[in-house]
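*Asks:* Everything below, folded, please.
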Amino acid sequence: MRQRVSKVAGPLVRRCADLGYGNFTGTEFCLTAGNSNEQATNCLTNPYNGNSIGGKDLGDRANTLGRKSRVKLTQNGVTHLTAMRGSAYRVSVEPNVNPFRGGTAISSAIALAPLFRGKVLPYKAKAYLGRWILAEHATINADNFNPLVGAIVALGLANRDLIQLCITKLEEMRLTASYDKRQLHDAALLILNVPEIQVLVHPTEVGRCLSVLRSSADATVDANLRVAALYIKMLPTGLVQKEELGSVISIIVSTHRTVRKQMTLVDCASANVLINAAWAYINAIGDGWYNDVHGKQIREYMERIVIPETELHVNVFTATQITELISFMAYAGLNTHTHVLEVCSERFVRDVAQFSVSNILAFHTALMRLGYRHDRAIMTLIVTLTRREQSIDSVDHVICLLEIMYGVGINSECMYQFVSEQLMQLGHKVGRRHCEKLAQLFARSGNKLYSLLNPSALQVLDRLRAKYVIKLR
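*Replies:* Coordinates of the predicted model:
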């Protein structure tokens, strides 16, 4: 793994003119004595000798390089940092020297963010960079605030102090009339999308940040979609109310009232976000959602816009997006024309390799609830699942498959043999909850499903019946 990372990161670092504190050699990272590019802004070095940092952070500096180190203090105030390869580097112990040659910690974080995209910054490097950003909080302004927030999120630097600093600066800039409100809106979204932000800071601080979003009435459609995705995550925490989610959905659906002639992947992803938001809102409202004001808007928009667009551009949607759309149509009980389901089923038959096992089962469950039967799709289901190696690794998937077989009326000996084998392999994972579901399913089918399983699977069920004292037949 280290060799693969070094092969990728080595050329990347050597090509970058802004990164001048060392280079990769094999699987190790070596410090350089200096850098010919004096304009480097994110070089973690001291201007006196090219490779020194504050004495209290010597261990942090060594850990940022991913190397084991040994630190020796001398009487003349100089420390020799000895690395694994035996090379010694002179390091200053003066604590008040800014280690970012030619720049600041803020500019360094902004420059490092694209380089570490998809990578993990070492823990002590995060703490080191975060402390210097806090020390330079007075230099945060309207020009670097949004890039800094993006860098903090991208590099994983978010902690309690940095988040509180960002929220405080956000409120200060909110009172500044010259600051772009859309940039303020984007910065608030970045802050609120920090993982587990409600754990990092007090809910009151999160509420201060949410108030910025609520005050942005002129946000774009894309921004409102991101707000909807954020509200979906925060709805269970109680920081966001269902009425607020419904209001955002109403703003989104009111901006698009006609079917487009051409859709792109971005449009499909936007429709998918809207479907997820509508699903969360319906779950929060419960029964009678179609009598709600926002519920009526959702129903009308889905039936007049989304479903016709799906029929016209079914080949543009991904397998997951089609599955979620069909599942939402079944869950919400939307008025769906047969030819729309036929087009989606034909797409499933043609591109079944793009569907995961979860998507396959969810797709056929939705068709079953909508009362639609497509013989080619059923045949594809039988052939695909029985030919995939280790296709099912969940007891819930086995139960879902049995429900599809009973609801659709699949009488395939090959399929029953497949289900029996899966039950034998997953018998040790079956719990009381699964046994209760199986008992209800067998009772609804009049024990027809039970009798079609092979003897080995029946033995597994007998052991489960004795273990949980549940009548399975």
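*Asks:* thought Val240 was touching Met234?
*Replies:* Yes - if you go by Cβ atoms under 8 Å, Val240 and Met234 touch, sitting 4.3 Å apart. Bear in mind the C-beta positions are built from the backbone N, C-alpha and C, glycine included.
*Asks:* Neighbour count: these two, which is higher?
*Replies:* Legend: neighbour count by other Cβ atoms under 10 Å for Val240 and Met234, higher for Val240 (23 against 18).
*Asks:* what are the phi and psi angles of that one?
*Replies:* Backbone torsions for Val240, taken as degrees, to the nearest 10, come to phi -120, psi 140.
*Asks:* quick one: contacts for it?
*Replies:* Counting by Cβ atoms under 8 Å, 6 or more residues apart in numbering, Val240 touches 210, 231, 234.
*Asks:* The first one should be in a helix, yeah?
*Replies:* Spelled out, that is Leu210. Yes - under DSSP: H, G, I helix; E, B strand; the rest coil, Leu210 falls within a helix.
*Asks:* show me what contacts it?
*Replies:* Listed by Cβ under 8 Å, 6+ apart, the contact set of Leu210 reads 188, 192, 239-240.
*Asks:* cool, and the second one?
*Replies:* With Cβ under 8 Å, 6+ apart as the criterion, the residues that contact Tyr231 are 240, 244-245, 248, 277, 280.
*Asks:* For it, which three-state class applies?
*Replies:* Going by three-state DSSP, the secondary structure assigned to Tyr231 is helix.
*Asks:* For it, give me the pLDDT.
*Replies:* Predicted confidence (pLDDT) for Tyr231: 90.
*Asks:* And it, how far from Thr255?
*Replies:* 17 Å (Cβ to Cβ, to the nearest Å).
*Asks:* Same check on Ile378?
*Replies:* 39 Å.
*Asks:* Compare the two (neighbour count), which wins?
*Replies:* The residue with more neighbours, out of Ile378 and Thr255, is Ile378; 21 against 9, by other Cβ under 10 Å.
*Asks:* tell me which element the more buried one is part of?
*Replies:* helix 375-387 (DSSP states H and E).
*Asks:* Look at Gly427 and say how many residues are nearby.
*Replies:* Counted with other Cβ under 10 Å, Gly427 comes out at 16.
*Asks:* I am assuming it contacts Asp462, so please confirm or correct that.
*Replies:* No - using Cβ under 8 Å, Gly427 is not in contact with Asp462, being 10.7 Å away.
*Asks:* quick one, longest helix in the protein?
*Replies:* Determined from DSSP state H, the single longest helix within the chain is helix 265-285.
*Asks:* mind checking how far Ile167 is from Met415?
*Replies:* According to Cβ to Cβ, Ile167 and Met415 sit 56 Å apart.
*Asks:* Next, the residue at minimal distance from the centre of the chain: secondary structure please.
*Replies:* For the chain, the residue nearest the mean C-alpha position is Pro195 (9.6 Å; Cα atoms, centre = their mean). When classified by three-state DSSP, Pro195 comes out as coil.
*Asks:* Now do the contacts for it.
*Replies:* Ala158.
*Asks:* Next, it: phi, psi?
*Replies:* phi -60, psi 130.
*Asks:* cool, and the one 3 residues further on?
*Replies:* Here the main-chain torsion angles of Gln198 (degrees, to the nearest 10) amount to phi -70, psi -20.
*Asks:* wait, doesn't it sit right on Lys233?
*Replies:* No - judged on Cβ under 8 Å, Gln198 makes no contact with Lys233 at a distance of 9.8 Å.
*Asks:* And the strands in the protein, which stretches?
*Replies:* 22-25, 28-31, 43-44, 69-73, 78-83, 88-92, 100-101 (DSSP state E).
*Asks:* For the contacts of Leu210, which single residue is the most surrounded?
*Replies:* Taking other Cβ under 10 Å as the neighbour criterion, Ala188 ranks highest of these with 26 neighbours.
*Asks:* Tell me if I'm right that that one and Val206 touch.
*Replies:* No - here Ala188 lies out of contact with Val206, judged by Cβ under 8 Å, at a distance of 10.5 Å.
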